[in-house]
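J.: one predicted model, sequence on top.
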Amino acid sequence: MKSIIKTVLIALAAAAISSASMAAEFTKGEVKKIDLKQKKITIKHEELKSLDMPAMTMVFVVSDDALLAKAKQGSSIEFVAEKVNGKLTVTDIK
């Protein structure tokens, strides 16, 4: 019984470490343009380490309309970008 409990605890600890390392990585950027109709945002951003991209200005698709309400043209943001269905997509903004 003790060995089963130990095995379960080790598995849970490994899962917790794995999920912590997969946490979303926020990147700093400046909003250059917002296109509400097309659900797109142009951001001048720092290096996107998770996507292996250098700093640049580029257009992203936005996964949720509510995210666009968190951003204003000219404002500094922190955001998460991921490749979703082959498109660079902003999945979170703070």
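T.: It's in. Nothing here was measured: the structure is a model prediction, and the numbers come from that model.

J.: beta partners of the residue nearest in space to the middle of the chain?
T.: The centroid of the chain falls nearest to residue 80 when counting by Cα atoms, centre = their mean (2.0 Å). Going by DSSP bridges, residue 80 is paired in beta bridges with residue 92.

J.: just list the residues touching residue 77, thanks.
T.: 28-31, 43, 70-71, 93-94 (Cβ atoms under 8 Å, 6 or more residues apart in numbering). (C-beta placed from N, C-alpha, C; glycine too.)

J.: just the buried members of those residues?
T.: Neighbour counting by 16 or more other Cβ atoms under 10 Å classes 29-31, 43, 71, 93 among the contacts of residue 77 as buried.

J.: for residue 35, give its distance to residue 68.
T.: Separation of residue 35 from residue 68 (Cβ to Cβ, to the nearest Å): 9 Å.

J.: who's more crowded, the two?
T.: residue 68 (18 against 12; other Cβ atoms under 10 Å).

J.: nothing else from me, thank you.
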